[in-house]
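Enquirer: okay, sequence plus prediction incoming.
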Amino acid sequence: MCLHRWEDFAILGLSPEVRLQRKNLLVDNYYQTKVTRKLLEEKGAVYRLGGEGMAQQFRGTSAKVIIIGAGISGIAAAKTLQDNGVQDFIILEGSDRIGGRMRLVDFGGVKIEAGANWVHGIRGNPVWELAQGLDLKGKVQDVAKMVVRDDDGADVTEHAVSRFADLQRARKHAHAMLERKISEDGNDTSIRVALRLAGWKAIAPVDKVVEYFSFDFQNGATPDVTSLLQNEDEETLVDFDDKEYFVTDQRGFGFIVEEMARTFLDKQDPRLQFNKCVDEIKWSNQGVVVRTSDGSEYSAEYALTTFSLGVLQSDHISFVPELPDWKLEEIYQVEMCHYTKIFLKFPFKFWDGKEYIFHAHPKRGYYPVMQDMEAEGCHPPGTNILAVTVTGEESKRVEGLPNSTVASEIMEVLRNLYGEDVPTPVDIFVSRWSQDPLFLGAFTRIPTGAFRDGTEKYKAPVGRLYFGGEAFHERYMGFVHGGLLAGVDKAKDILNAIRDECPSPSDTPDMGKPIHTSEEIGEVTLTGSGHNGPWDNILDDVKETCCQNATTGLGSWSLSEPKGLLELHPPEWQGSPLL
Ligand SMILES: Cc1cc2nc3c(=O)[nH]c(=O)nc-3n(C[C@H](O)[C@H](O)[C@H](O)COP(=O)(O)OP(=O)(O)OC[C@H]3O[C@@H](n4cnc5c(N)ncnc54)[C@H](O)[C@@H]3O)c2cc1C
């Protein structure tokens, strides 16, 4: 950290009793952190977080960086910091596990995925590389292995296949329209408008389910409210490929996050703290103070949130001061979609042995997509589990119902499709992401007209508070790979900011001459309020820290203690250990 102004010192541990005075100073960052931690953790010293009038009486833990959330984004961010020499971070996770929206659940004798299940796009997808590295079992889905049944159970697959082809043609027209719009005015419209102009109408139940599978099942929302400019480009398809790998590995999709964490976090690593639900974030240009619902406080020079967009848009977190208008505008122009996965266990299997069973119901989106969980390459025969997905408004409705009602609604559908002999399920699981306060929805989606001004502001931090998580990846929003890459990118932004604080002498022409002598660096004077009371101990701590620095090769610091003043004479400039 370069200390330029008097206020900058406040973050180091200022209190009315302690003064840290500046004299042309450039202090080793590692050293400062240690002193600050000692002041705060061991002595419980009260200090002010400086800057913009944000005075804060603080009792808590401090670190260089706080990461909020231990989903794939938070864990990837922490690993990126660690790999680049920043080990002084704390991860605060509201639940008692890592993985976030990658969650394995015991159900009906096997383990099923309550959240993310597919690696979307294989070639070049970093998530695929991680999955391959762990030999994660699963299968590339083959949508051709489908059956489409109308609400009376009649097999209408042939007709549906021709309508899939019609929709594909309409999408090509829509894509041409998208290119034209980009080159002409850049004005957005909905996918619905583009499809209609291309001659596609979804009136018949078969058309509705064909369209549903092509859009809602992927985006979690209808074409009516989905951006043509942002969605029809389908970056994931373009950058990777159209293969979809359905993970059935009994270690779970989230195993990739667990394994990533294992590479840099010890089993009981105190840097990863569970059941720490953040409810307040104070931010400024000097640092961040985070409060959790159990009353604990954490301060850091930088913080990264990886909340889902649903959480960010809720009133569960208070930002102090309120986020600026430009940031709120960016956050509220995108939306959290709703996506519910339902698993039913039956005493025996009675449904079509196809990967996908589509239900063409007059009401669009009414239990429309089912999956045989013992199709080839999935779970073993005899598992007798059927998966059903609902999205959007239906998802919200279904998540508000008790399991018994959801089961009866699905039973009615199944008895229409397969006859009255269909047995009653022995168990049911309904994911309820939209009702879980740690998620409040499934994933981010982009409505029509979002990002008219580009995504720069969306990506930007406020003060020293950075925004990660899948919602903040400009290309792969909504996906596991978006979460992963957003975590890595934001951690790199923080690393860059740390580097910019204390550029090494060689690359800071504006610092004038290289800093090499203690005289040029200056000195820090820590003045106690006398030699009685706790400040004696703090001075001892400072001495101890300096000695530690010396033994860890960070340079030797000379100490003198004339008349209640402790003068620290920095050693020859070594560069930050973080760089
Ligand atoms: C049903 C469903 C199906 C999906 N299917 C796929 C799929 O097949 N393929 C795909 O690529 N993507 C899919 N996704 C999206 C994918 O799961 C996410 O994009 C990805 O997991 C997001 O990771 P993240 O780290 O950004 O966020 P999260 O996984 O949400 O991690 C954020 C973490 O923050 C924690 N947290 C939240 N609030 C607080 C708080 N106040 N204090 C402290 N901690 C807090 C949460 O507990 C969580 O652990 C699906 C999502 C859902 C819900």
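Expert: The structure has been received and is ready for your questions. Numbering: from 1, shown residues only.
Enquirer: part of a helix, is A491?
Expert: Yes: judged by DSSP: H, G, I helix; E, B strand; the rest coil, A491 forms part of a helix.
Enquirer: show me the strands in the stretch 401-550 of the chain, by range?
Expert: Secondary structure of the stretch 401-550 of the chain by DSSP state E, counting those that start in this stretch: the strands cover 427-430, 443-445, 465-467, 524-527.
Enquirer: quick check: bridge partners of whatever residue of the stretch 251-400 of the chain ends up closest to the ligand?
Expert: Nearest residue of the stretch 251-400 of the chain to the ligand: V278, at 3.7 Å (CB to the nearest ligand atom). No exception for glycine: its C-beta is placed from N, CA and C like everyone else's. According to DSSP bridges, the partner residues bridging V278 are T292.
Enquirer: going forward, begin numbering at 40 instead of 1
Expert: Noted, 40 is the first residue going forward, which turns the last one into V317.
Enquirer: what's around it, how many residues?
Expert: Using other CB atoms under 10 Å, V317 has 24 neighbouring residues.
Enquirer: and what of A215?
Expert: For A215, using other CB under 10 Å, the count is 12.
Enquirer: same for the helix or strand hosting it, what does it pack against?
Expert: Assigned by DSSP states H and E, A215 falls within helix 196-222. Where contact means 3 or more CB pairs under 8 Å, 6 or more residues apart in numbering; DSSP states H and E, helix 196-222 is packed against strand 185-189, helix 230-236, helix 244-253, helix 267-270.
Enquirer: rebuild the ones you listed as TSV, extending it with distance to K402, mean pLDDT and mean neighbour count.
Expert: Converted to TSV, the helices and strands packed on helix 196-222 look like this (distance: least, CB to CB, whole Å; pLDDT from 0 to 100; neighbours: other CB atoms under 10 Å):
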stretch	distance to K402	mean pLDDT	mean neighbour count
strand 185-189	13	97	22
helix 230-236	18	93	20
helix 244-253	8	97	23
helix 267-270	24	83	23
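Enquirer: need the ones you listed in JSON lines with distance to K321, can you?
Expert: What follows is those, written out as JSON lines (distance: least, CB to CB, whole Å):
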{"stretch": "strand 185-189", "distance to K321": "52"}
{"stretch": "helix 230-236", "distance to K321": "41"}
{"stretch": "helix 244-253", "distance to K321": "44"}
{"stretch": "helix 267-270", "distance to K321": "33"}
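Enquirer: what residues does the stretch 40-189 of the chain have near the ligand?
Expert: 107-113, 131-134, 139-141, 154-157, 159 (CB under 6 Å from any ligand atom).
Enquirer: let's go with 5 Å and repeat that
Expert: Counting by CB under 5 Å from any ligand atom, the residues of the stretch 40-189 of the chain lying close to the ligand are G108, G110, I111, S112, G133, S134, G139, R140, G154, A155, N156, W157.
Enquirer: where does the stretch 490-618 of the chain have low pLDDT?
Expert: Residues of the stretch 490-618 of the chain meeting the criterion pLDDT under 70: 491-493, 541-618.
Enquirer: okay, stretch 349-357 in CSV with CA atoms only?
Expert: The C-alpha coordinates for stretch 349-357 follow below in CSV (Å, rounded to 0.1, in the frame of the first residue of the first chain):
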residue,chain,number,x,y,z
GLY,A,349,-31.1,-12.5,-6.8
VAL,A,350,-29.3,-11.8,-3.5
LEU,A,351,-27.7,-8.6,-4.8
GLN,A,352,-31.1,-7.3,-5.9
SER,A,353,-32.7,-8.2,-2.6
ASP,A,354,-32.8,-6.2,0.6
HIS,A,355,-30.7,-8.9,2.4
ILE,A,356,-27.5,-6.9,2.1
SER,A,357,-27.2,-3.3,3.2
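Enquirer: what does it contact?
Expert: The contact list for stretch 349-357 (CB atoms under 8 Å, 6 or more residues apart in numbering) reads 317-320, 344, 346, 370-371, 375, 473, 476-480, 506, 510.
Enquirer: wait, what's in contact with the residue of the stretch 290-439 of the chain closest to the ligand?
Expert: Per CB under 8 Å, 6+ apart, neighbours of V317: I107, L131, G133, V329, R330, T331, S332, T344, I356.
Enquirer: what bridges to the first one?
Expert: Taking DSSP bridges as the rule, I107 bridges to L131, T344.
Enquirer: which pLDDT value belongs to it?
Expert: Looking at I107, its pLDDT reads 98.
Enquirer: same thing with the second one?
Expert: For L131, the model assigns a pLDDT of 98.
Enquirer: and what of the last one?
Expert: We note a pLDDT of 97 for I356 in this prediction.
Enquirer: what is the neighbour count of it?
Expert: 19.
Enquirer: any idea what T483 is bridged to?
Expert: Bridge pairing for T483 - DSSP bridges - gives M375.
Enquirer: show the contacting residues for it.
Expert: T483 makes contacts with S347, L348, V373, E374, M375, C376, E509, A510, M516, G517, as judged by CB under 8 Å, 6+ apart.
Enquirer: next one: I485
Expert: I485 is in contact with T265, S266, Q269, N270, V373, E374, M516, counting by CB under 8 Å, 6+ apart.
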